[in-house]
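> Kindly return the folded structure for what I paste below:
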Amino acid sequence: MKDYKAEGMIIRVRDYNEADRIVTIFTKDRGKVQAIAKGCRKQKSRKGGIIQLFTYGDFVFYQGRSLDTITQCQGRESFNSLREDLDRMAYGTYLAELLDGFVNSGEPQEDLYYLALVCFHLLTVEDPELVTRVFEARIMEIMGYRPHLDDCVRCGSSLEGAKVAFSPKMGGSLCGQCAHQDMEAIMCTRGALNMLELLLRWDIRKLRVLKMSREIRAEIGRMLKLYIGERIEKKIKSAEFLQSLESV
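Numbering: from 1, shown residues only. Next up is the predicted model:
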């Protein structure tokens with residue numbers, strides 16, 4: 001059977017020809033799917049309002065040799081408020097790029113799928129920077145890259161003193177004695193490591209009561225950006241713009 005249905009979220013969109021768009025959809029049951037939406041850019045197209053970045057809905061595809069075709073679609077949630085706010089749009093685009101970079105075609109990632117839906121909803125109502133830090137930490141855990149934070153990743157000794165180091169390349173925290181083993185390791189505080197650990201187990205539904213200083217936010221943001229950069233093959237184009245927003 002060449003027709004199939006899938007529930008999913010559009011995480012990448014690009015115009016193709018005068019009337020079409022090629023979209024990447026993160027689906028619940030099939031992982032990443034790339035498809036063409038023919039005629040969606042025409043003024044009278046019923047698909048036009050649905051085939052947009054962030055739209056979550058139900059799709060019917062015709063399976064092609066290299067590119068599937070969207071024959072039907074029905075939106076469940078458009079996340080319009082993300083597209084109407086520059087800051088929230090930037091965070092949403094960044095999350096979508098992370099998903100595009102880590103999810104493979106034909107490989108379902110159900111835990112990540114539900115995390116993405118929750119976090120995109122939270123981006124519309126909560127502090128988008130904090131939501132993004134939680135998403136970054138948990139996508140690493142789901143994909144099998146959970147950072148080692150309890151003790152020194154190299155020698156296993158306890159982390160003593162106010163200042164320790166974090167090595168994206170080696171996979172976690174380093175004690176003072178081992179910090180020199182990675183010249184690219186960054187100095188950080190115990191508070192940042194503790195907060196990063198907390199983000200991995202905090203009830204995401206109670207995110208608004210989580211208190212985090214601006215300094216700790218900056219530390220964790222830098223740590224996660226470098227950590228993700230070591231483990232993702234494609235460049236996240238929106239990361240630099242997002243960093244400029246957070247530094248204001």
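> contacts for the lengthiest strand in the chain?
Taking DSSP state E as the criterion, the chain has its longest strand at strand 3-16. Residues outside strand 3-16 that contact it (C-beta atoms under 8 Å, 6 or more residues apart in numbering): 21-30, 32-33, 36, 41, 51-63, 71, 96-97, 99-100, 116-117, 120. For every residue, glycine as well, the C-beta is placed using N, CA and C.
> go again using 7 Å as the cut-off
21-30, 33, 36, 41, 51-56, 58-63, 96, 99-100, 116 (C-beta atoms under 7 Å, 6 or more residues apart in numbering).
> How about stretch 64-83?
With C-beta under 7 Å, 6+ apart as the criterion, stretch 64-83 contacts 33-38, 47, 50-51, 54-62, 88-89, 92, 120, 123-124.
> quick one: average confidence on that stretch?
Stretch 64-83 shows a mean pLDDT of 93.
> Check stretch 132-143 too.
Mean predicted lDDT for stretch 132-143 stands at 97.
> Please spell out the ChimeraX selection for the buried subset of the contacts of stretch 64-83.
In ChimeraX syntax, the buried subset of the contacts of stretch 64-83 is picked out as below (16 or more other C-beta atoms under 10 Å):
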select :33,35,36,37,38,47,50,51,54,55,56,57,59,61,88,89,92,120,123,124
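> What does the pLDDT read for Met1?
56.
> Any idea what Val60 is bridged to?
Lys5, Gln72 (DSSP bridges).
> got the contact list for it?
3, 5, 71-72.
> low-confidence ranges in the protein?
1, 162, 248 (pLDDT under 70).
> Per the annotation, how does the chain divide into domains?
3-78, 81-146+182-246 (automatic domain parsing).
> can you give me how far the last one is from the chain middle?
Using C-alpha atoms, centre = their mean, to the nearest Å, the distance from the centre of domain 81-146+182-246 to the centre of the chain it belongs to is 6 Å.
> Arg217 and Glu129 touch, don't they?
Yes - taking contact to mean C-beta atoms under 7 Å, the distance of 6.5 Å between Arg217 and Glu129 places them in contact.
> follow-up on the earlier one: now intersect the contacts of stretch 64-83 with the helices, please.
88-89, 92, 120, 123 (DSSP state H).
> TSV please, covering those residues and showing distance to Ala192.
What follows is the ones in helices among the contacts of stretch 64-83, written out as TSV (distance: C-beta to C-beta, whole Å):
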residue	distance to Ala192
Arg88	25
Met89	27
Gly92	25
Phe120	26
Leu123	23
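> Which secondary structure state is assigned to Val153?
Classification of Val153 using DSSP: H, G, I helix; E, B strand; the rest coil returns coil.
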